[in-house]
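Participant: here is my input; please provide its structure:
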Amino acid sequence: MSTFTYRKDRQRTISFPVGGLGTGSIGIAGNGNFIDWQVYNRPAFHTRNGYSHFAVKAQDETGLLDARVLVSDLAKPYMGQVDERTMLGLPHFRELVFEGKYPMAELAFQDERFPGRVSVRYYNPRIPLNDKDSSIPVLFADILVENTADHEICYTTAGVITNPNKAELTSNHYMEREGIRGIRFASEAVDSADTTYSDFTLATDAENVCCQEYWFRGNWRDHVETYWREFASGQSLQNRRYGESLKNYKDTGMLCATAVLAPGQKQEFHYCLTWNVPNCSNYWSGLNISTSNIHYDVNDRTPWKNYYAVLFEDSTASAVYSLANRARLYEETGGRARTENAESPAEVTHRRASVFLLCISDSMPASRREGRMASQRRTLIGRAFLPSGLSGRIPSLHRQAPAPGVRVRRGREALARREGQESVRPDACPGCG
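Facilitator: Purely as a prediction, here's the structure:
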C-alpha cells in the first residue's frame, strides 16, 4: 500500500487542506466531509458549514436505482438522527480509499449497492513560478463516474452548499456567465469594503444543469428530509426561491449536473467552490501575547486586501476563470503526470524544499500590486499554508525584522546539506534559480 493511501482507521485524523496561496483553505476529512473552513482571514480549525457536501444518484427507465452522499462511514459510536456536521443519517458509501498527494486528494468510494464506480478528486492549482494561478481561492471537485452495469444509466451529481457568509442577512442566486453555471451565495446589507463582507460561488461547466437556489425552509429536520426526498427520486429537480432573507438563517442551495452513460462509459463532472473574503484587519490587537519580536503597531486596524481580491472582482469571477481554465490548471499542477505515475513539477518543488517563495509586496497600493509583482520579488519565504489574511502583512514584518529571515536561511541551508546540494540563497526558491 502506498505511503499516501489511507484506509479505514488511518483516515480518522485526516484534514487535507484545499485552497490557494494566501487564500485560506477548506479541509477534506478522511471520510470525505468538508471541515476546517479557514477562509475567513483567521484560523478556524474544527469548523463545519451546515449541510455542505456532494451527492450522486443513478436511475434508468425503471426509476431510481440508488442515491448516496459522497462521504463514507465514521468510526463508532456515531449514530442517531441526520447530523449536519457529518451527514450521518443519510445514505452514504460504505468505504472509501483516500489517496493524498498534495495538492490533490483522490477519494475512491466503494459500495456494492451503488450501480457504478464513483471517485472524487479535490485540489487547488499549485504551479511553481505562477503566483496568480496558485493564489486562486478555489476548491476543485472533479467527480468521476463509471457505468459498470450492462445497460444505460442516467447519473446525476449534486453539489450542496449551505450559505457560508457570516452576515445576518444572506441570499442565494442562480448565475450563468460564459457557459459557466452556478449559485452565488451573497451577503446582504454589508458594504463590500467592510471586513465582514464575503461572497461564495458554487459552479460547474456541465451543460445539462439544474439547480435549487433554496432548500425548503422548515422546522426541525424538515428541510433536509425534503431535500433528500426531492433528490432521491426519479423526478426532475424543481427550483425553489424565496423573496425575503431571514435574519440569521442560512439557506442551502443545490447545483446538479446530469449525464447518460452507456455500459463501461465514464464521465467527469467538474465543480468548483470559490470564496471572496477580501478585507483583512488586525483582529489580534489586544491579545495577551509577547511583543518582543513584533515590529509593527499592534493597535493599527487599517484594513488591507488579500492578494486574490486584487486578481478577481468576486467569487463568481474566480469561479468562471477557474472552470474556463480548468484543464490547463489541472495539467500544470501535475494532473497528467499523476495519471502516468510520474512526479509532477509541483511535487519536485515541494520535495526539494518545504517552503515556497511568495511574491507579495504590500509597500504599494493594491491597485499597483499585480503589475509590480511581475517585475519585483519581495524576499518573503514562508510556508505554503499561510492563513488567509496574513499574506498581505507578513512581508512587512520580514522586511523590518531580519531575524526571521536568518532562521529561514539556516533552515534552507540545513535542508540543502541533507540533500547534498550547495547552499541556497534565502531570496530564491529551488524552482526560481
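
Participant: CA atoms for contacts and neighbours, from now on please.
Facilitator: Will do.

Participant: could you list the low-confidence segments of the stretch 151-300 of the chain?
Facilitator: In the prediction, the stretch 151-300 of the chain carries residues with pLDDT under 70 at positions 285-299.

Participant: please enumerate the helices of it.
Facilitator: Taking DSSP state H, counting those that start in this stretch, the helices of the stretch 151-300 of the chain run over residues 222-231.

Participant: mind listing the strands for it?
Facilitator: Assigned by DSSP state E, counting those that start in this stretch, the stretch 151-300 of the chain shows strands spanning 153-162, 169-177, 180-188, 199-204, 209-212, 252-261, 266-276, 279-280.

Participant: distance between the helix or strand following the shortest one and the chain's centre?
Facilitator: In the C-terminal direction, the helix or strand that comes right after strand 279-280 (DSSP states H and E) is strand 304-305. For strand 304-305, the distance from its own C-alpha centre to the chain's C-alpha centre is 21 Å (CA atoms, centre = their mean, to the nearest Å).

Participant: name the helices or strands packed onto the helix or strand just after strand 304-305?
Facilitator: Using DSSP H and E, the next helix or strand after strand 304-305 towards the C-terminus is helix 307-311. The helices and strands touching helix 307-311, judged by 3 or more CA pairs under 8 Å, 6 or more residues apart in numbering; DSSP states H and E, are helix 366-373.

Participant: quick one: contacts for residue 56?
Facilitator: Taking CA atoms under 8 Å, 6 or more residues apart in numbering, we find residue 56 in contact with 67-70, 155-158.

Participant: cutoff 10 Å now
Facilitator: 66-70, 92, 114, 118, 143, 145, 155-159, 231-232, 256-258 (CA atoms under 10 Å, 6 or more residues apart in numbering).

Participant: what do you get for residue 257?
Facilitator: If a contact means CA under 10 Å, 6+ apart, then residue 257 has 56, 155-159, 204-211, 269-271 as its contacts.

Participant: may I see the PyMOL selection of the buried members of those?
Facilitator: Buried members of the contacts of residue 257 can be picked out in PyMOL with the line below, counting by 16 or more other CA atoms under 10 Å:
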select buried, resi 56+155+156+157+158+159+204+205+206+209+210+211+269+270+271
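
Participant: contact partners for the residue most central in space within the chain?
Facilitator: For the chain, the residue whose C-alpha lies nearest the mean C-alpha position (CA atoms, centre = their mean) is residue 139; its distance is 2.7 Å. For residue 139, the contacting residues are 17-20, 25-27, 122-125, 202, 271-275, 319, 322, by CA under 10 Å, 6+ apart.

Participant: swap the cut-off to 6 Å and go again
Facilitator: Contacts here follow CA atoms under 6 Å, 6 or more residues apart in numbering; on that basis residue 139 touches 18-19, 124, 272-273.

Participant: before we move on, back to that, could you flag which of the contacts of residue 56 are buried?
Facilitator: 66-70, 92, 114, 118, 143, 145, 155-159, 231-232, 256-258.

Participant: any idea how far residue 322 is from residue 180?
Facilitator: Applying CA to CA, to the nearest Å, one obtains 10 Å for the distance of residue 180 from residue 322.

Participant: ignore what I typed, I meant residue 193.
Facilitator: Using CA to CA, which is the criterion applied here, residue 193 is 24 Å from residue 322.

Participant: more neighbours, those two?
Facilitator: Neighbours of residue 193 and residue 322, each counted by other CA atoms under 10 Å, are more numerous for residue 322; the result is 28 against 14.

Participant: list the buried residues for the strand or helix carrying the more buried one?
Facilitator: Residue 322 belongs to helix 315-324 when assigned by DSSP H and E. Of the residues in helix 315-324, those buried under the neighbour-count criterion (16+ other CA under 10 Å) are 315-316, 318-324.

Participant: does residue 59 really touch residue 65, like I thought?
Facilitator: Yes: counting by CA atoms under 6 Å, a contact exists between residue 59 and residue 65, whose distance comes to 4.9 Å.

Participant: what touches both of those two?
Facilitator: Listed contacts common to residue 59 and residue 65 are nil; contacts here mean CA under 6 Å, 6+ apart.

Participant: where does the stretch 301-433 of the chain have low pLDDT?
Facilitator: Answering for the stretch 301-433 of the chain: the residues below the bar, that is pLDDT under 70, span 336-433.

Participant: which strand or helix spans the residue nearest to the centre of the chain?
Facilitator: Per DSSP H and E: residue 139 is located in strand 138-146.

Participant: what pairs with that strand, parallel or antiparallel?
Facilitator: Next to strand 138-146 in the sheet, as set by DSSP bridges, lie strand 117-123 (antiparallel), strand 266-276 (antiparallel).

Participant: now do the buried residues in the longest one.
Facilitator: Of the residues in strand 266-276, those buried under the neighbour-count criterion (16+ other CA under 10 Å) are 266-276.

Participant: okay if I get these as CSV plus distance to residue 168?
Facilitator: As requested, the buried residues of strand 266-276 are arranged in CSV below (distance: CA to CA, whole Å):
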residue, distance to residue 168
266, 43
267, 39
268, 37
269, 33
270, 31
271, 27
272, 25
273, 22
274, 21
275, 18
276, 17
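
Participant: from these, pick the one nearest residue 35.
Facilitator: Lowest distance from residue 35 to the buried residues of strand 266-276 (CA to CA) belongs to residue 273, with 14.0 Å.

Participant: what's the closest non-adjacent residue to that closest one?
Facilitator: The shortest distance from residue 273 to any non-neighbouring residue, by CA to CA, 6 or more residues apart in numbering, is to residue 202 (4.6 Å).

Participant: isn't that neighbour right next to residue 183, touching?
Facilitator: Yes: here residue 202 reaches residue 183: they are 5.4 Å apart, a contact under CA under 6 Å.

Participant: neighbour count: the two, which is higher?
Facilitator: Comparing residue 202 with residue 183 by other CA under 10 Å, the one with more neighbours is residue 202, at 28 against 25.

Participant: the more buried one: what's it in contact with?
Facilitator: When contacts are taken as CA under 6 Å, 6+ apart, residue 202 is in contact with 182-183, 272-273.

Participant: now with 8 Å?
Facilitator: 159, 161, 182-184, 255, 271-274, 319.

Participant: can you check residue 103 too?
Facilitator: Residue 103 makes contacts with 18, 123-126, as judged by CA under 8 Å, 6+ apart.

Participant: show me the shaky parts of the stretch 1-150 of the chain.
Facilitator: Residues of the stretch 1-150 of the chain that meet the criterion pLDDT under 70 lie in 1, 75-86.

Participant: can you map out the strands along it?
Facilitator: Read by DSSP E, counting those that start in this stretch, the stretch 1-150 of the chain holds these strands, from start to end of the chain: 5-7, 15-18, 25-29, 34-38, 53-60, 63-72, 92-93, 95-101, 104-110, 117-123, 138-146.

Participant: quick one: residue 309 and residue 278 touch, right?
Facilitator: Yes: here residue 309 reaches residue 278: they are 5.3 Å apart, a contact under CA atoms under 8 Å.
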